[in-house]
Structure formats: C-alpha cells, structure tokens
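# sharing a model that was predicted from the sequence below.
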Amino acid sequence: MKVLIHGCCGPCLIMPLAGLAGEGAETRVFFYNPNIHPYTEWEKRRETLTAHCEREGAPLLPVPEYDISEWFRAIAYRETQRCRLCYYLRLRETAKVAKKGKFDCFTTSLLCSKYQKHELIRETGEEVSKEFDVPFLYRDWRDDWEEGVRRSRELSMYRQPYCGCLYSETERYREKGAAK
C-alpha cells in the first residue's frame, strides 16, 4: 500500500511512521503547514521533520515554500472555525498531492496528538477524500502519543510548545502568563 502521510512535525510523525512501516506500507511524507507562525517556528518544525525522515529513511516530498497568507485568507472572519479550516487546507493539499502521485491513500500525523480535535480531523479527511477520490486512511495513534514523546526526547528533537497558529500561540502564552 502506497501511503502519503501529512507530517505536522517530527515528534508527531514518529509513531505513525513506525506504525505504517510495521504494516508494510510504502510511505512518503508531505510537510504542508501554512498555519505555522512565525516563520522561524515553521523552519524549526520543517528541519526537525526532515531530520527524522532522513534518520528513518522515509522519503520526504519537496516542501512547498512558506506562505501563511493562504491560511490567513481562509480563516479571516471565521476564527471560531479556524481548526476546521486549518485541517481542511492541509488535508486538501495532501489529498491533491496523493491523487497526483497515484497514492493508494493519505493520512496525517495530526492523528497522533492528544491535543488535536481528533474527530474533526477524521471528518475533514473523509470530506477531502470524497473531493479528490483518494481514500483517507484513518488511524487513531493517540495511544502511542506517550511513546512518541519519549522517543522524541531521546532523539533530542525540537518539541513545539503550541499547535502552530498565531491564535494557539497567543492562547498558550496567555495561559502560561495567567498561571504565574
């Protein structure tokens, strides 16, 4: 089975990549995350994911240039729906690449994080699947999350402190400040 996996970051990619390899899947990784702000954060995540792909021998497709403007246009005046729209942007682009590359299916490492809106990711993946006629491979990798954290720390991987978008960064640090 030829699988295209959307990689949100290196740490979240660890367990899905290992799981798919254990299933005998031929996996390619696609890093497409126009939501990540600022650029320096995007660059750290790209570098960490790239290094992990190289270490594991997992082919990484060419990374599109950083362009947050598409994300801002998608969520402008729809901030309460930003996660749904963000998942849609990223999974839509992944499905488009999967269709063009004749992959059997696509999935995302977002399904590993216990902090993501899991059912919304699943619904969005299935919606995009119909749009591009490429199956969405659903796996609930959250049970492996702790193991992924442990391995990422052993590998001294960069571990981001927030989801990636400007809103999640603000929420994270506002809560941190309020806790003090």
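Sure, I can see it.
# go ahead and name everything in contact with the lowest-mean-pLDDT helix or strand in the chain.
When each helix and strand of the chain is scored by mean pLDDT, DSSP states H and E, helix 166-179 comes last, with a mean of 73. Contact partners of helix 166-179, identified using CB atoms under 8 Å, 6 or more residues apart in numbering, comprise H37, E41, E79, R82, P161, Y162, C163. For glycine as for every other residue, the C-beta is placed from the backbone atoms N, C-alpha and C.
# dump that helix to CSV, keeping only the CA atoms.
The C-alpha atoms that make up helix 166-179 are tabulated as CSV, following Å, rounded to 0.1, in the frame of the first residue of the first chain:
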residue,chain,number,x,y,z
LEU,A,166,-0.9,32.7,15.8
TYR,A,167,-4.1,32.0,17.9
SER,A,168,-2.8,28.9,19.5
GLU,A,169,0.5,30.7,20.3
THR,A,170,-1.4,33.5,21.9
GLU,A,171,-3.6,31.2,23.9
ARG,A,172,-0.6,29.1,25.1
TYR,A,173,1.4,32.1,26.3
ARG,A,174,-1.6,33.9,27.7
GLU,A,175,-2.5,30.8,29.8
LYS,A,176,1.1,30.5,30.9
GLY,A,177,1.2,34.2,32.0
ALA,A,178,-2.1,33.8,33.8
ALA,A,179,-0.7,30.8,35.7
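# mind listing what's buried in it?
Neighbour-count burial for helix 166-179 flags L166, Y167, S168, E169 (criterion: 16 or more other CB atoms under 10 Å).
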